[in-house]
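Undergrad: From the sequence below, what's the structure:
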Amino acid sequence: MSSQTHGPEPCASTNSATRAGQINPRNKFAIVNNTIDPQEWSMRVGIGILERIEQSIAKIVDLVFTKTFRSQIQPTELTSALKHKIDSTACLVPNRRSSDAPSHYVIEVSPRGGEHILSRADQLAKELSEFAKEHVRVQGYRYPGGIDVTVVPSKNLSRGFTIEVVNRSVAWRAFLIIGDKRYPIEQSVIIGRGLSADVRLADSSVSRQHAKIDVDGEKAMIVDIGSSNGFKVNGKRCTKATLKNNSLINLGRQKILFVFLPIFD
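TA: Okay, here's the model as predicted:
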């Protein structure tokens, strides 16, 4: 981002071209009859907040997306696409001079390199949710029920991302993501190389029955069940660990991502 160095502002006495009731283009806010226009002030403050959130998103995206997709996805693409989706789906409410914006947005990202993206999906979703709320406020939309943005891996995309509006009730289910495949977990699964494993991994570095994952609502636990080389969770070697959304599991040479994904009714 380029920076500019400004000299001192001219004082009021030397700026005779600007009189009461006129707008000085050098002023930060519009001046009408020697007062700040509240609507203009609110809009400009909102734009400033949006810019700050965009900068925060850019830092996250630069660390995640540019490493994964190289130059294919830029931070401004995410925020621009989200703004466009909000604007294009906001509905004018009859007998009212305002529009209602949808409350739930799902960003689906290609599973290629998904473990790197999803490792910061929660952080990215939080910033994008704040960005969406501020954009809606600046545009004057209403959003009954609040606004939230979710970032999830896509089943079908080979690259890039899409943004969809969700107006249905959402339930959450645990999944294991291995490469470009996903495996749902109802209550428990055994991971291993043997025929009796629920999730089979054809890898000699994985034991026949390597680990078991138990899921109870939003709680999940992984336990070693007699493997020869154990496992790691988020880089830490252990025999038992609590799994949270976007936990990265290493079994031998295999990388497995544990996630909770939305299931729409």
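
Undergrad: only C-alpha atoms for contact and neighbour calcs from this point on.
TA: Will do.

Undergrad: List the residues that contact Gly194.
TA: Applying CA atoms under 8 Å, 6 or more residues apart in numbering, one finds that Gly194 lies in contact with Arg200, Ser207, Arg208, Gln209.

Undergrad: Repeat the analysis, applying 10 Å as the threshold.
TA: Taking CA atoms under 10 Å, 6 or more residues apart in numbering, we find Gly194 in contact with Arg200, Leu201, Ala202, Val206, Ser207, Arg208, Gln209, His210.

Undergrad: Give me the below-cutoff pLDDT ranges for the stretch 151-265 of the chain.
TA: For the stretch 151-265 of the chain, the stretches with pLDDT under 70 are 167-170, 264-265.

Undergrad: As JSON lines, the contacts of Gly194 with neighbour count and distance to Arg237 would be great.
TA: Putting those into JSON lines (neighbours: other CA atoms under 10 Å; distance: CA to CA, whole Å) gives the following:
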{"residue": "Arg200", "neighbour count": "16", "distance to Arg237": "21"}
{"residue": "Leu201", "neighbour count": "20", "distance to Arg237": "20"}
{"residue": "Ala202", "neighbour count": "13", "distance to Arg237": "22"}
{"residue": "Val206", "neighbour count": "25", "distance to Arg237": "15"}
{"residue": "Ser207", "neighbour count": "22", "distance to Arg237": "16"}
{"residue": "Arg208", "neighbour count": "23", "distance to Arg237": "19"}
{"residue": "Gln209", "neighbour count": "22", "distance to Arg237": "18"}
{"residue": "His210", "neighbour count": "25", "distance to Arg237": "14"}
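
Undergrad: In strands only, show me those.
TA: Arg200 (DSSP state E).

Undergrad: Quick check: of the contacts of Gly194, which lies closest to Asp224?
TA: Distances from Asp224 to those, taken as CA to CA, are shortest for His210 (6.2 Å).

Undergrad: where's that closest one relative to Gly194, distance?
TA: Separation of His210 from Gly194 (CA to CA, to the nearest Å) stands at 9 Å.

Undergrad: Mind listing the shared neighbours of the two?
TA: In terms of CA under 10 Å, 6+ apart, His210 and Gly194 are both contacted by the residues Leu201.
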